[in-house]
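Fold the following and give me the result.
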Amino acid sequence: MNEPTKRGDQSLYRPYDADTSLSGCQCGQHHSQAAHDRASDAESLSNDFVEAAAVRALFPEDATRRNLLKAVGASAVMAAVGSLLPMGDLRAAVLEKPGTLEKKSLKVGFIPINCATPLIMASPMGMYEAQGLDVTLVKTAGWALVRDQMLNRELDASHFLAPMPLAISMGLGSSAQPMRVATIQNINGQAITLALKHKDNRDPRNWKGFKFAIPFEYSMHNFLLRYYLAEHGLDPDRDVQLRVTPPAEMIANLRAGNIDGFLGPDPFNQRAVYDQIGFIHILSKEIWNGHPCCAFGTSQAFIEQNPNTFAALYRSVLNAAAMARKQENRAEIAKAIAPANYLNQPETVILQALSGRFADGLGKVRNEPDRADFDPMPWYSMATWMLTQMKRWGYIKGDVNYQQIAQQVFLLTDAQKQMAALGMTEGANAGKNGNRPITVMGKVYDASAPQRYVDSFDIKRA
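Got it, this is the predicted structure:
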């Protein structure tokens, strides 16, 4: 038996064990493989990973691998794999140039809204270039197009609405393809904006028959608006109309009277005030302070094929988020992202939303420094909360393994590792379970009991 097969049954990933999976942590002591990685010897782990990846490539369906192992035994499979693949050469190739970028020229998609600030600013401010990347930012008109371009691999990575990678990975609204959330792009930064004719109608209980725009079904905007309406006794599927509308078209529709309001991203809430056609009824942070909105992510296939490039992208966006978090940088950032090839909005409109010092459209100037922020940590509890709302409103049928899906899609441990390498301390506070306390309109979400949370609501489809 050659050398590769001698050590194959000792691998941390146990590729020749019919009772293990090649996804997630294989030793059973860590909640994800990334957590396992940090606790393992680097060279041994690299060798083990190469062999496990090779076996997974030969048997992409885990059930096939397991059935074969049970039928013929581990020794036979190990010998066959060793005869087919030069494991020693493969390992040497991986270790030879560990930092080499597999792909330098990338296409990264974005929607022109404030939520994409870290991803956008990283281009004019040279943060991609500093990591050896040549990134072309591709401005995209709507979220369905972002989804389709990612599925068709026309984009290497993209700005997503945070629930989108969950939905795509589960095959909701599209064919299923594993997508991953590397970072949360922004927290807060949204608002419910109403037409000026409703300035004396601020009680949501009186909004029956209203028409609201949301940017996409699998969006925090949809879930937060539904939650807000339901808490005021309105059924969002029966008492109002929710219309999917690209963010840039919300202003025109509000001006034309086609909608009564929208829960949408900035700078369009502030643009409605700037154009004197609407007012800010409530900031989204007043519904859930610290809620995620958009994310940066890519496909699992891209990560597997381009691990060094993915790490360089990760560093670029994390460095941008660290800069964006500081209020003293917001004016410079607004200037950088305002031009036509990015947001194509007045700099003052962008800055009002970013700084939190803004006119509300009702004659007041408000000072809310946490109106928008850029905490990149992709908490599992954020993902499971989104899944509860998908379940609540009938987007998900049947049983849901909330934690499993969250841990597959949200790369919390990877974010911790990358942030620690950059000297950022936020990741150290993620805790053992990756959950962050969440309170929405005064109601505490217990991330350990997501289905009980769904069942607790009176107005729901589930």
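
drop to CA atoms for contacts and neighbour counts, all remaining ones
OK.

In the stretch 51-200 of the chain, where is pLDDT below threshold?
Applying pLDDT under 70 to the stretch 51-200 of the chain picks out residues 51-54, 56-58, 60-62, 83-98.

please redo it, this time with the cut-off set to 80
51-69, 71-99 (pLDDT under 80).

all helices for it, in order.
With DSSP state H, counting those that start in this stretch as the criterion, the stretch 51-200 of the chain has helices at 62-72, 74-84, 87-96, 117-121, 143-151, 164-170.

Residue 310 is in contact with residue 100, correct?
No: with contact defined as Cα atoms under 8 Å, residue 100 does not count as touching residue 310 (11.3 Å).

So between the two, which is more surrounded?
Legend: neighbour count by other Cα atoms under 10 Å for residue 100 and residue 310, higher for residue 310 (22 against 14).

Buried residues of the helix or strand where the more buried one lies, list them for me.
Taking DSSP states H and E as the definition, residue 310 sits inside helix 307-324. For helix 307-324, the neighbour count (16 or more other Cα atoms under 10 Å) marks 307-321, 323-324 as buried.

For that helix, give the mean pLDDT please.
The average pLDDT within helix 307-324 is 97.

which residues touch that helix?
98-104, 117-119, 121-122, 127-128, 130-133, 182-183, 185, 302-303, 329-330, 333, 373-376, 418-419, 422 (Cα atoms under 8 Å, 6 or more residues apart in numbering).

now that helix, how far from the chain's geometric center?
Centroid displacement of helix 307-324 relative to its chain, using Cα atoms, centre = their mean, to the nearest Å, is 14 Å.

can I get the CA coordinates of it in PDB?
Extracted in PDB, the C-alpha atoms of helix 307-324 (Å, rounded to 0.1, in the frame of the first residue of the first chain):
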ATOM      1  CA  PRO A 307      -9.400  29.800  -1.300                       C
ATOM      2  CA  ASN A 308      -6.500  32.400  -1.400                       C
ATOM      3  CA  THR A 309      -8.500  34.800  -3.600                       C
ATOM      4  CA  PHE A 310     -11.500  34.400  -1.300                       C
ATOM      5  CA  ALA A 311      -9.300  35.200   1.700                       C
ATOM      6  CA  ALA A 312      -7.900  38.300  -0.100                       C
ATOM      7  CA  LEU A 313     -11.500  39.500  -0.900                       C
ATOM      8  CA  TYR A 314     -12.400  38.800   2.700                       C
ATOM      9  CA  ARG A 315      -9.500  41.000   4.000                       C
ATOM     10  CA  SER A 316     -10.400  43.800   1.600                       C
ATOM     11  CA  VAL A 317     -14.000  44.000   2.700                       C
ATOM     12  CA  LEU A 318     -13.200  43.600   6.400                       C
ATOM     13  CA  ASN A 319     -10.700  46.500   6.200                       C
ATOM     14  CA  ALA A 320     -13.300  48.600   4.500                       C
ATOM     15  CA  ALA A 321     -15.900  47.800   7.200                       C
ATOM     16  CA  ALA A 322     -13.400  48.700   9.900                       C
ATOM     17  CA  MET A 323     -12.900  52.100   8.300                       C
ATOM     18  CA  ALA A 324     -16.600  52.700   7.700                       C
END
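
Output the contacting helices and strands for the helix or strand following it.
Downstream of helix 307-324, the next assigned helix or strand under DSSP H and E is helix 330-337. Using 3 or more Cα pairs under 8 Å, 6 or more residues apart in numbering; DSSP states H and E as the contact test, the elements touching helix 330-337 are helix 117-121, helix 347-355.

just the ones you listed: most buried one?
Stretch with highest mean neighbour count among the helices and strands packed on helix 330-337: helix 117-121 (a mean of 27; mean count of other Cα atoms under 10 Å).

helices or strands up against that helix?
Packed next to helix 117-121, using 3+ Cα pairs under 8 Å, 6+ apart, are helix 307-324, helix 330-337.

Need these in JSON lines (columns: distance to residue 196).
Listed next are those as JSON lines, based on distance: least, Cα to Cα, whole Å:
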{"stretch": "helix 307-324", "distance to residue 196": "32"}
{"stretch": "helix 330-337", "distance to residue 196": "27"}
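
Quick one: closest of these to residue 280.
Smallest distance to residue 280 across the helices and strands packed on helix 117-121 (Cα to Cα): 20.4 Å, for helix 330-337.

Quick one: distance of the closest one to the chain centre.
Per Cα atoms, centre = their mean, the centroid offset for helix 330-337 relative to its chain is 23 Å.

sorry, back to before: could you single out the most deeply buried of the helices of the stretch 51-200 of the chain?
In terms of average neighbour count - mean count of other Cα under 10 Å - the standout among the helices of the stretch 51-200 of the chain is helix 117-121, at a mean of 27.

Now do that helix: everything it contacts.
Residues outside helix 117-121 that contact it (Cα under 8 Å, 6+ apart) are 110, 137, 159, 185, 296, 317-318, 320-321, 324, 333, 336-337, 342, 374.

residues contacting residue 270?
Taking Cα under 8 Å, 6+ apart as the criterion, residue 270 is in contact with 280, 349, 350, 352, 353, 358, 359, 360.

Same list, the helices and strands packed on helix 330-337, but as CSV with distance to residue 381 please.
Shown next, in CSV, are the helices and strands packed on helix 330-337 (distance: least, Cα to Cα, whole Å):
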stretch, distance to residue 381
helix 117-121, 22
helix 347-355, 25
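
contacting residues around the closest residue to residue 168 other than its chain neighbours?
Closest residue to residue 168 apart from its sequence neighbours, by Cα to Cα, 6 or more residues apart in numbering: residue 176 at 5.5 Å. If you count contacts by Cα under 8 Å, 6+ apart, residue 176 has them with 168, 169, 170.

Would you mind giving those residues as a markdown table with distance to residue 219 added?
Output for those, formatted as a markdown table (distance: Cα to Cα, whole Å):
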| residue | distance to residue 219 |
| --- | --- |
| 168 | 12 |
| 169 | 15 |
| 170 | 15 |
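
between those, which is closest to residue 194?
residue 168 (31.1 Å).

How much space separates the closest one from residue 218?
As judged by Cα to Cα, to the nearest Å, residue 168 and residue 218 stand 10 Å apart.

And residue 436, by the same measure?
Taken as Cα to Cα, the span from residue 436 to residue 218 is 22 Å.

neighbour count winner among these two?
Legend: neighbour count by other Cα under 10 Å for residue 436 and residue 218, higher for residue 218 (25 against 17).

Look at that one and report its pLDDT.
pLDDT, read off for residue 218, is 98.

what does the one 5 residues further on give?
Per-residue confidence for residue 223 comes out at a pLDDT of 98.

go on, the one 3 residues further on?
Each residue has a pLDDT score; the one for residue 226 is 98.

is it fair to say residue 264 lies in a helix?
No: judged by DSSP: H, G, I helix; E, B strand; the rest coil, residue 264 forms no part of a helix; its state is strand.

Checking residue 343 next. Helix, strand or coil?
What three-state DSSP gives for residue 343 is coil.

Tell me the pLDDT of it.
Reading off the model, residue 343 has pLDDT 98.

What of residue 45?
So residue 45 comes in at 43 (pLDDT).

again with residue 14
Value listed for residue 14 in the pLDDT field: 57.
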